[in-house]
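*Asks:* Pasting the sequence and the predicted model now:
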Amino acid sequence: MSHNEPEAKIFACSKSVYLAEQIAQHYGIPLGKVTFSEYSDGEFQPSFEESIRGLRVFIVCSTFPSADNLMELLLMIDAAKRASARHITPVIPYFGWARQDRKDKPRVPIGAKLVAKLLETAGATRIMTMDLHADQIQGFFEKPVDHLFASTIFLPYVKSLNLENLTIASPDMGGSKRAYAYSKFLESDVVICYKQRKVANVIDTMELIGEVKGRNVVLVDDMIDTGGTLAKAADLMIEKGALSVRAICTHAILSGDAYEKIEKSQLSELIVTDSIPLKKESNKIRVVSCAPLFAEVMHMVQHNNSISGKFLM
């Protein structure tokens with residue numbers, strides 16, 4: 001290791017240890033030791049139990065609710081800064097609050113911008129994340145952002161299915177760019193779902209733009225929350241003559257009765273990453289780990305190598 005290349009260590013927030021252990025294993029180093037002291041009122045304090053002076057520190061933490069996960073990350077970044085770490089990189093497989101990326105009505109916050117500023121103020125020198133809800137969130141940061149695409153791990157899986165008459169679908173107009181990127185790589189057709197909502201998480205109407213009759217359809221999206229959109233889209237496509245419908249979603253939020261909706265829907269399979277831990281098992285849900293991808297990119301960053309080869313979209 002050169003004089004200008006500090007040693008790297010990997011740490012994790014409490015709810016992301018499951019993923020950080022896999023990342024560290026693929027990286028080839030043990031996961032660093034962190035303890036959390038908790039007061040009786042719920043306040044907590046992280047503590048690095050080994051020296052990180054002059055080192056590159058990767059802190060793995062998906063910031064899904066509750067807000068304790070984000071607060072843990074901010075406190076760990078601050079602790080690393082005060083412990084004289086040379087580089088501090090939050091590794092955020094799932095960047096929470098990303099749906100608040102603009103003012104879509106009066107008197108609301110831009111939560112994604114706020115989180116970006118909190119991370120930088122705490123002391124982050126670089127950000128690593130995957131499949132942001134909106135690509136332009138990168139512009140909220142003044143520090144370098146490594147925005148990885150889960151297509152790197154999903155596309156080989158889809159190709160391994162050897163599906164004939166494959167069609168890629170987007171569950172909404174906003175995801176059409178992602179769908180077209182997948183279809184270009186897989187040389188397939190594209191259909192788009194047009195939906196209207198009356199309130200958040202509740203779909204009023206949905207229509208298809210494109211033909212699915214006699215096709216094996218794969219829906220692609222960055223996240224699945226309540227599961228209502230994908231379940232309705234799958235049911236509509238089967239009704240329109242699709243042979244099968246699968247869904248690829250990077251971040252498995254799966255809140256409320258999402259598991260029940262998935263089980264009762266016409267989806268034959270839901271493929272997700274482990275950016276967020278599953279709350280329970282399901283015969284329809286297949287998890288493809290993002291740990292090897294993050295470990296490889298972290299290794300490239302550590303050794304100042306280009307990561308452009310990791311972008312398939």
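*Replies:* The structure has been received and is ready for your questions.
*Asks:* Okay, helices next: where are they in the stretch 151-300 of the chain?
*Replies:* For the stretch 151-300 of the chain, applying DSSP state H, counting those that start in this stretch gives helices covering 151-160, 176-186, 228-239, 258-264, 291-302.
*Asks:* Mean neighbour count and distance to residue 85 added to those, as TSV?
*Replies:* Using the backbone N, CA and C atoms, a C-beta is placed for each residue, glycine as well. TSV is the format used below for those (neighbours: other Cβ atoms under 10 Å; distance: least, Cβ to Cβ, whole Å):
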stretch	mean neighbour count	distance to residue 85
helix 151-160	16	28
helix 176-186	18	35
helix 228-239	21	41
helix 258-264	18	38
helix 291-302	20	13
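*Asks:* Rebuild those as JSON lines, extending it with mean pLDDT.
*Replies:* Shown next, in JSON lines, are these (pLDDT from 0 to 100):
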{"stretch": "helix 151-160", "mean pLDDT": "95"}
{"stretch": "helix 176-186", "mean pLDDT": "93"}
{"stretch": "helix 228-239", "mean pLDDT": "93"}
{"stretch": "helix 258-264", "mean pLDDT": "96"}
{"stretch": "helix 291-302", "mean pLDDT": "97"}
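*Asks:* Below-threshold pLDDT in the protein: ranges please.
*Replies:* 1-5, 197-204, 311-313 (pLDDT under 70).
*Asks:* Could you identify the longest strand within it?
*Replies:* strand 189-199 (DSSP state E).
*Asks:* Counting neighbours, which bits of that strand end up buried?
*Replies:* Neighbour counts over strand 189-199 (16 or more other Cβ atoms under 10 Å) mark 189, 190, 191, 192, 193, 195 as buried.
*Asks:* what packs against it?
*Replies:* strand 166-170, helix 176-186, strand 202-209, helix 228-239 (3 or more Cβ pairs under 8 Å, 6 or more residues apart in numbering; DSSP states H and E).
*Asks:* out of these, which comes closest to residue 157?
*Replies:* helix 176-186 (11.4 Å; Cβ to Cβ).
*Asks:* Among the buried residues of strand 189-199, which one sits closest to residue 133?
*Replies:* residue 195 (16.4 Å).
*Asks:* circling back to that earlier point, let me have the helices and strands packed on strand 189-199 in TSV, adding distance to residue 68 as columns.
*Replies:* Output for those, formatted as TSV (distance: least, Cβ to Cβ, whole Å):
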stretch	distance to residue 68
strand 166-170	33
helix 176-186	30
strand 202-209	28
helix 228-239	27
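*Asks:* closest one to residue 80 among these?
*Replies:* Of all these, helix 176-186 comes closest under Cβ to Cβ, at 33.5 Å.
*Asks:* For that closest one, output the C-alpha coordinates as CSV.
*Replies:* Extracted in CSV, the C-alpha atoms of helix 176-186 (Å, rounded to 0.1, in the frame of the first residue of the first chain):
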residue,chain,number,x,y,z
SER,A,176,-39.8,4.8,-18.3
LYS,A,177,-36.1,5.8,-18.6
ARG,A,178,-35.1,2.8,-16.4
ALA,A,179,-37.4,0.5,-18.4
TYR,A,180,-35.9,1.6,-21.7
ALA,A,181,-32.4,1.1,-20.4
TYR,A,182,-33.2,-2.5,-19.4
SER,A,183,-34.9,-3.2,-22.7
LYS,A,184,-32.0,-1.9,-24.7
PHE,A,185,-29.6,-4.2,-22.9
LEU,A,186,-32.0,-7.2,-23.2
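*Asks:* can you list the domain ranges for the protein.
*Replies:* For the chain, the TED database gives the domain ranges 9-148, 151-289.
*Asks:* Same list (those) but as TSV, adding distance to residue 297.
*Replies:* Listed next are those as TSV, based on distance: least, Cβ to Cβ, whole Å:
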stretch	distance to residue 297
domain 9-148	6
domain 151-289	9
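*Asks:* what sits against residue 178?
*Replies:* Contacts of residue 178 were listed using Cβ atoms under 8 Å, 6 or more residues apart in numbering, and they are 170, 220, 221, 222, 313.
*Asks:* Quick one: residues contacting the fourth one.
*Replies:* For residue 222, the set of contacting residues under the criterion of Cβ under 8 Å, 6+ apart consists of 131, 132, 133, 175, 178, 249, 250, 251.
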